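Q: my questions are about this predicted structure, shown below with the sequence.
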Amino acid sequence: MAAVGECLTGQWREEPFQAIGIASFGPIGVNAAAPDYGVIGVTPKAGWSQFNLRSSLKTFDVPITVDSDVNGAALAEATHGAGRGKDTVIYVTVGTGIGAGIVSNGRVSNGFSHPEAGHMVIPQHSDDLENACSCPFHDSCLEGLASGPSIMKRWQSDLSVLGPNHLGFQLEAHYLGAMCHNLIMTYMPDVILIGGGVLQAPGLIEAVRRETCKSLGGYLPALNSDEAMQALIQEPALAPISGLVGAYDLALMGLSQ
């Protein structure tokens with residue numbers, strides 16, 4: 001954080017800033033009334049567990065607003081990007097982990113903490129390898145089955161190399177389709193934006209749309225077409241800086257409170 005402080009006090013600024021927005025990896029405390037606000041929870045990232053991001057920047061006498069990186073990205077996309085003008089926007093990133101942020105009517109949707117959609121239970125596909133889930137907490141969760149490290153562990157390659165005819169590619173589309181099914185049934189979102197490194201594999205988002213439609217099984221007739229799936233499941237417009245733009249939006253929120 002010393003480097004961050006140096007950047008914030010750098011001579012490149014033409015005028016003093018008025019607020020700070022932090023869109024951080026999680027888990028992180030997001031309840032402004034709780035003692036762990038801005039504190040990173042238990043994480044495998046060395047040296048970060050229990051680190052208080054907010055307190056580390058308290059020397060700057062300005063409002064500091066903290067949320068998760070995916071919530072920040074969702075806020076940015078809902079305000080400026082592919083979710084602009086829509087009531088309920090879900091942003092999902094699929095990379096070294098899987099996270100989801102939710103914005104409803106212009107506001108980030110949190111409960112006692114931020115969403116942890118990467119750890120929703122997803123049944124392991126019968127064609128997958130035995131004990132495929134790499135999550136240390138769960139036997140069969142989305143992140144453990146569909147994150148980048150899980151793919152690499154099973155197939156020793158990423159999906160862009162494996163190609164759409166490989167079982168690993170097909171399983172990834174299946175798992176992310178199941179994720180979209182659960183998000184649709186829970187939130188009935190206007191749009192689901194899926195980004196992250198894993199989604200760079202050519203043809204994957206199209207395969208996810210097909211798997212989602214298949215999983216829904218016609219239960220929602222309005223979504224039972226290719227056109228509806230294309231409108232519902234999209235790529236983010238602001239990638240790869242959705243989270244950065246979201247941090248700016250969080251700072252603006254701090255000024256208005």
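A: Yep, it's here. Everything quoted here is computed from the prediction, not taken from an experiment.
Q: in the stretch 101-250 of the chain, which spans are strands?
A: Assigned strands in the stretch 101-250 of the chain, in chain order: 107-108, 191-195, 233-234 (criterion: DSSP state E, counting those that start in this stretch).
Q: save the ones you listed as JSON lines, and put in mean neighbour count and distance to residue 9 too.
A: (C-beta placed from N, C-alpha, C; glycine too.) Below are the strands of the stretch 101-250 of the chain laid out as JSON lines (neighbours: other Cβ atoms under 10 Å; distance: least, Cβ to Cβ, whole Å):
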{"stretch": "strand 107-108", "mean neighbour count": "17", "distance to residue 9": "29"}
{"stretch": "strand 191-195", "mean neighbour count": "24", "distance to residue 9": "32"}
{"stretch": "strand 233-234", "mean neighbour count": "22", "distance to residue 9": "39"}
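Q: how about the ones you listed in JSON lines, adding distance to residue 76 and mean pLDDT?
A: Below are those laid out as JSON lines (distance: least, Cβ to Cβ, whole Å; pLDDT from 0 to 100):
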{"stretch": "strand 107-108", "distance to residue 76": "11", "mean pLDDT": "92"}
{"stretch": "strand 191-195", "distance to residue 76": "10", "mean pLDDT": "98"}
{"stretch": "strand 233-234", "distance to residue 76": "14", "mean pLDDT": "98"}
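Q: so what's the closest residue to residue 240 other than its chain neighbours bridging to?
A: Closest residue in space to residue 240, ignoring its immediate chain neighbours: residue 195 at 7.8 Å, by Cβ to Cβ, 6 or more residues apart in numbering. Per DSSP bridges, the residues bridged to residue 195 are residue 93.
Q: wait, residue 195 touches residue 91, no?
A: Yes. Counting by Cβ atoms under 8 Å, residue 195 sits close enough to residue 91 to count as a contact (7.3 Å).
Q: now do the shared contacts for these two.
A: Contact criterion Cβ atoms under 8 Å, 6 or more residues apart in numbering; residues shared by residue 195 and residue 91: 73, 236, 242.
Q: who wins for neighbours among these?
A: Sorting these by how many neighbours each has (other Cβ atoms under 10 Å) puts residue 73 first, at 33 neighbours.
Q: show me the contacts for the spatially closest residue to that one that is not a sequence neighbour.
A: The shortest distance from residue 73 to any non-neighbouring residue, by Cβ to Cβ, 6+ apart, is to residue 242 (3.7 Å). Contact analysis of residue 242 by Cβ under 8 Å, 6+ apart lists 72-73, 76-77, 81, 91, 195, 236.
Q: which ones among those residues are found in helices?
A: 72-73, 76-77 (DSSP state H).
Q: before we move on, the earlier item: from the contacts of residue 242, pick the one nearest residue 221.
A: Closest approach between the contacts of residue 242 and residue 221, by Cβ to Cβ: residue 91, at 26.2 Å.
Q: can you report how many residues neighbour the closest one?
A: Residue 91 has 34 nearby residues by other Cβ under 10 Å.
Q: report pLDDT for the residue lying closest to it once chain neighbours are set aside.
A: Closest residue to residue 91 apart from its sequence neighbours, by Cβ to Cβ, 6+ apart: residue 74 at 3.7 Å. Note for residue 74: predicted pLDDT of 97.
Q: residues in contact with residue 57?
A: Counting by Cβ under 8 Å, 6+ apart, residue 57 has contacts 1, 4-5, 8, 20, 22, 64.
Q: now residue 65
A: Listed by Cβ under 8 Å, 6+ apart, the contact set of residue 65 reads 19-22, 32, 250-251, 253-254, 257.
Q: check residue 182 too.
A: Shown in contact with residue 182 (Cβ under 8 Å, 6+ apart): residue 120.
Q: ok, how many other residues are close to the residue lying closest to residue 211 once chain neighbours are set aside?
A: Leaving aside its sequence neighbours, residue 211 sits nearest to residue 177 (Cβ to Cβ, 6+ apart; 2.7 Å). As a burial measure, residue 177 scores 22 neighbours (other Cβ under 10 Å).
Q: from memory residue 177 sits against residue 212, does it?
A: Yes. With contact defined as Cβ under 8 Å, residue 177 reaches residue 212; the gap is 4.3 Å.
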